[in-house]
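> Let me see the structure of the following:
(one chain, ligands or ions: 1)
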Amino acid sequence: MAVPLLDVNAQNHPLAEEMEEAFRRVLHGGQFIMGPDVGEFERECAAFTGVPGNLGVSSGTDAILLALMALGIGPGDEVIVPAFTFFATAGCVTRTGATPVFCDVEESSFNIDPVQAAALVTERTRAIIPVHLFGQMADMNAIMAIADRHGLYVIEDAAQAFGASFKGRPAGSIGHFGCFSFFPSKNLGALGDAGLLCSRDAALTERARILRVHGMEPKYFHQEVGANFRLDSLQAAFLRVKLRHCRTWTAARQANAARYTDLLSQPTAGAEARRELILPTAGPDTVHIWNQYTLRLPGRGRRDALRTWLQSRGIGCEIYYPLPLDRQPCYRSIPVSAPLPAAHRLADEVLSIPVYPELMASQQEEVATAVTEWLSQQACSP
Ligand SMILES: Cc1ncc(COP(=O)(O)O)c(C=O)c1O
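Predicted coordinates for the structure are as follows:
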């Protein structure tokens, strides 16, 4: 039986009636831009972000760009970002005219290394963007301590971490801004592009609210240059339906992650080979929402060989991410300020396997069996 990496239909089809009702509400209401569903969705998100200042936006990428613009970051500024993340984290910095400064990550969490981040601060540094990669928050105490010491802003790239927390504090509520993506593969996925920007700071929220509509306040008077970062009413209406199920889905992902860890720790594969399979872990201070369950296979070519093996058996898997930011063609001209060994190693070793909420136990067993069979073969081969 084929096991896809993600099955959006399994999640959305059971909600078809509610979704169609949401569609009809927007269709007949006729307010397709900034309609009532956008405001309602923003209010309902407070239960997840822990702050009242939530702004629906066009995508996770636009949430990051809007945060940077609201903080006035631009040419001549430096922004510290992890080298191992999705491109948007750094791409938005470049789009403001500022320079991304690549920081290494911790192998255990895949998240920004606060020790190196502190060492990368210069007199031009204005902000740090910790990314809560794969659904687990970065060490926000350490990041906020660096920011406080040097007077920096912190923008949480929580694109993959809607509903995650660190020491009881929700993702997005600790830094000056939190940015979420509702790309369909996320724990809360829209039926298209969508995102959210949140802030615990009322003045910053207000500034971002105005920049979201071309810096317009009042209507047709533009104090500064913003852009169109609005969330569609239709996506907000769909997201409101799905938000009601988000905690249940995340609990299912957590159960799936625990099941994989159990299955893949069994002593079925050769001990030697198993030692070389590194399973993801959740730190003691975090509620991990498992947007991805990401294996590591150290050793030249081993990750790619496992990927080919899984694909040949119809099992979906993906490399998030094969190239660290400093090695992206568009960033080759940016001098690297510090060595990035962990980011480089992870790009060679990671492989994410299906962990979506609707995944059945039998499908997980199939995935785990395929992985352990491959490991056993490796152990037997000379
Ligand atoms: C870490 C990270 N940052 C930013 C983004 C950008 O979000 P979007 O695709 O909604 O623009 C993503 C989306 O995949 C992401 O994973």
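
> May I have the phi/psi pair for residue 156?
When read as degrees, to the nearest 10, the backbone of residue 156 gives phi -80, psi 120.

> One more: residue 287?
The phi/psi pair for residue 287 (degrees, to the nearest 10) is phi -100, psi 110.

> Could you tell me which residues make contact with the residue nearest to it when sequence neighbours are not counted?
In space, and not counting its chain neighbours, residue 287 is closest to residue 165: 4.4 Å by Cβ to Cβ, 6 or more residues apart in numbering. (Each C-beta comes from the backbone N, C-alpha and C, glycine too.) Residue 165 sits next to 137, 171, 286-287 when contact means Cβ atoms under 8 Å, 6 or more residues apart in numbering.

> Let me have those residues in TSV, extended by secondary structure and distance to the ligand.
Output for those, formatted as TSV (DSSP: H, G, I helix; E, B strand; the rest coil; distance: Cβ to the nearest ligand atom, whole Å):
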residue	secondary structure	distance to the ligand
137	coil	12
171	coil	12
286	strand	16
287	strand	18
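
> circling back: ok, what's across the strand from the residue nearest to residue 287?
Counting by DSSP bridges, residue 165 is bridged to residue 170, residue 287.

> Do I have it right that residue 339 meets residue 102?
No - with contacts counted by Cβ atoms under 8 Å, residue 339 stays clear of residue 102, the gap being 10.3 Å.

> Ignoring the adjacent residues along the chain, who's closest to the residue in the chain that the ligand sits nearest to?
Among the residues of the chain, residue 60 lies closest to the ligand, at 2.5 Å counting by Cβ to the nearest ligand atom. Distances taken as Cβ to Cβ, 6+ apart put residue 181 closest to residue 60, at 2.6 Å, once the chain neighbours are dropped.

> That neighbour: neighbour count?
Counted with other Cβ atoms under 10 Å, the burial measure for residue 181 works out to 30 neighbours.

> quick one, phi psi at it?
Backbone torsions of residue 181, given as degrees, to the nearest 10, read phi -110, psi 140.

> could you list every residue that touches it?
59-61, 63, 159-160, 194-195.

> By neighbours, which of the residues you listed wins?
Neighbour counts for these, by other Cβ under 10 Å, peak at residue 63, which reaches 34 neighbours.

> which SS class is that residue?
In three-state terms, and counting by DSSP: H, G, I helix; E, B strand; the rest coil, residue 63 is helix.

> That one against residue 197, yeah?
Yes - Residue 63 lies in contact with residue 197 (Cβ under 8 Å); the separation is 4.2 Å.

> Now do the shared contacts for the two.
57, 177, 179-180.

> coming back round to it: my read: the residue of the chain closest to the ligand touches residue 197, true?
No - Residue 60 is beyond contact range of residue 197, at 9.3 Å (criterion: Cβ under 8 Å).

> any residues in contact with both of these two?
With Cβ under 8 Å, 6+ apart as the test, residue 60 and residue 197 both reach 179-180.

> Can you mark which positions in stretch 166-183 are buried?
Of the residues in stretch 166-183, 166, 170-183 count as buried by neighbour count, 16 or more other Cβ atoms under 10 Å.

> Filter those residues down to the ones in strands?
If you go by DSSP state E, the buried residues of stretch 166-183 have 166, 170, 177-181 in strands.

> residues near residue 321, how many?
If we define neighbours as other Cβ under 10 Å, then residue 321 has 19 of them.

> To clarify, my last question referred to residue 20.
11.

> can you list contacts of the helix or strand harbouring it?
Using DSSP states H and E, the element containing residue 20 is helix 16-29. If you take Cβ under 8 Å, 6+ apart as the criterion, helix 16-29 is touched by 12, 32, 35-37, 191, 233-234, 237-238, 240-241.
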